[in-house]
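[1] What follows is a predicted protein model with its sequence.
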Amino acid sequence: MHIPDGYLSPQTYVPLYAVFAGFLAAALRKLRKSLSSKTVPYLGMAAAFSFLIMMFNVPIPGGTTGHAVGAGIVTLLLGPWVAMVSVSVALIIQALIFGDGGITAIGANCFNMAVVMPFVALWVFKLVRGKAAGGWRVSAAAFLSGYLGLVAASLVTAVEFGIQPLIASEGGKPLYAPYGLEIAVPVMTVEHLVLFGIIEGAITLLVLRYFLKNDPESVYVMKEERV
Amino acid sequence: MNFIDASLKKIAEVIKNAYVHWETAERNGFMQRLDPRLKVLFLLYCAVIISLIKKLPAQGAVAVFLLILILLSRLDAWRLYRRIAIFAFLFGFLVALPSAFNIITPGRIILHVASLSRAYRFWIYEIPQQIGITAEGSFGVAMLFLRVANSLTAALLIIHTTPFFEIIRALKVFRVPDVFIMTIILSYKYIFIFSRSVEDMYLAMKSRLAVPINRSAARDLVAGRIFFVFKKSWLRYEDTCRAMTARGFTGEIMLYHFRNFSAADAAAGVLFILAGAFFLLLQVMI
């Protein structure tokens, strides 16, 4: 899901940097208003938590292990604006320390995983949960928020890949991501629909259930007051 | 590898990477002596030049230039290129390889692979009668491979020659807000503290497990560990807030200033600009 350098043309990564910068500025403005002097330590904590979630591998059927992107569960626990900033920070650290995700693709990666995923996760959770305070509706809402959040992010990523042959090729030669929409969209979406999305949804559900059982007060989506 | 070992491996990698970067950034090499702002600007400039180059020899010239910078910076080239080769092979070659075939990239076939009795068409997909690797497709794979390899080389060159906090602080040249820069710096420190906690937690768990744990129990266990990390992060956040307030922090952030650019920085800056212009010119001349 982390787009490396070389896959996106400047026509794609420059506008995505600008779009992400706009969302980030809006998030920081909103959070500084509500958190005032606690903004930096709070966001620092949230970003470290977002980064560490990706360190936890869970066993999945077939004998292998997988981990979550974590944007869905961070959104449910801390809210979408905090998730946006904290997941972005985690992605920037990953790009700068591990080379996971390209430098030119930071804007695109942050847009896909720190903007699209948290908001889709939140909307899906609210829609499915309705007014339920617990039970199967909350469980279904938690699973689907992680699942559909990741699938939506993968769909946006696939579109970014898929438009490259249309907007940046030379005499039939692909210069960036070589697969068109007809290949990029089904391949990316199907693998997230049948595997990665399920892992993300399951981890979101497991962690949210644990929080609701042990410390429901700390869960953003179950609180009346919104940060 | 079970879920405990997989998690431990990742955490160990975080800690190891940070120490390796810290050690290489302290060496007395060419890039290490330059101002971090210049290096961050160079990284972005380099990434843009690499993404703009559309000719293979020009990408090759960039690769040679980056290799020279790596050697001048006294980095372990073998270790660095091993990592680059694995990543570029996976994301620049293997992922792109099917696009070399005329099923995906039509064009002049340079290597015939198979013949079908007739061409097939399903909805928007078409399989031609003659299947093979095309010149256009193989160019695309080679270009993507070199571009991914060069971009990663440039990124690793800067990461290994600049302390992490200096890279982040240098983001100020792009007018990144101070609050965001401080958040990254604080978060990085937290990551280290908590990575050690998570590592200790998993090692303790591993040492107590006498029999394999079933999948359902393992998933509950992981959920519990995530909960624990969250609570620990929250306590650390509250402690940090109290400590900052006690020292008179009111929310105003002041990052200390950089030193002025030296003559060596200016000379290196000119060299980088000229090199970039040369690579762009090279593809026009070829």
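    Perfect, I can see it now.

[2] Stretch B:279-286 close to chain A?
    No - Stretch B:279-286 lies out of reach of chain A by Cβ under 8 Å from any Cβ of the partner chain, never closer than 11.3 Å. To be clear about C-beta, it is placed using only N, CA and C from the backbone, and glycine gets the same treatment.

[3] Now do the same for that stretch: mean pLDDT, whole number.
    What stretch B:279-286 shows for mean pLDDT is 84.

[4] swap in stretch B:105-124?
    So the average pLDDT for stretch B:105-124 ends up being 82.

[5] Spatially central residue in chain A, please.
    residue A:113 (3.0 Å; Cα atoms, centre = their mean).

[6] show me the contacts for that one.
    Residue A:113 sits next to A:1, A:69, A:71, A:87, A:91, A:153 when contact means Cβ atoms under 8 Å, 6 or more residues apart in numbering or on different chains.

[7] remind me which residues of the stretch 151-286 of chain B are low pLDDT?
    B:250-256 (pLDDT under 70).

[8] Quick one: the strands in it, in order.
    Counting by DSSP state E, counting those that start in this stretch, the stretch 151-286 of chain B has no strands to list.

[9] Please apply the same query to chain A.
    Secondary structure of chain A, counting by DSSP state E: strands at A:58-60, A:64-66, A:169-170, A:173-174.

[10] Least confident of these, on average?
    strand A:64-66 (a mean of 62).

[11] How much space separates the closest residue to residue A:2 other than its chain neighbours from residue A:88?
    Nearest non-adjacent residue to residue A:2, counting by Cβ to Cβ, 6 or more residues apart in numbering or on different chains: residue A:101, 3.6 Å away. Residue A:101 is 11 Å from residue A:88, where distance means Cβ to Cβ, to the nearest Å.

[12] what about the two, which has more around it?
    Shown here are residue A:101 and residue A:88; by other Cβ atoms under 10 Å in any protein chain shown, residue A:88 has more neighbours (29 against 23).

[13] Would you map the helices across chain A?
    A:10-35, A:39-53, A:71-78, A:80-93, A:106-110, A:117-129, A:136-162, A:164-167, A:181-191, A:197-214 (DSSP state H).

[14] and residue B:233, which of those is closest to it?
    When these are compared by Cβ to Cβ, helix A:39-53 sits nearest residue B:233, at 4.7 Å.

[15] Let me know the outermost residue of the chain.
    Since you didn't name a chain, this refers to chain A. residue A:171 (35.8 Å).

[16] nope, chain B
    Outermost residue of chain B (Cα atoms, centre = their mean): residue B:117, 46.0 Å.

[17] Number of residues surrounding the closest residue to residue B:161 other than its chain neighbours?
    Counting by Cβ to Cβ, 6+ apart, residue B:31 is the residue found nearest to residue B:161 once chain neighbours are left out, at 3.8 Å. A total of 23 residues lie near residue B:31 under the criterion other Cβ under 10 Å.

[18] which ones are touching residue B:31?
    B:39, B:69, B:72-73, B:157-158, B:161-162.
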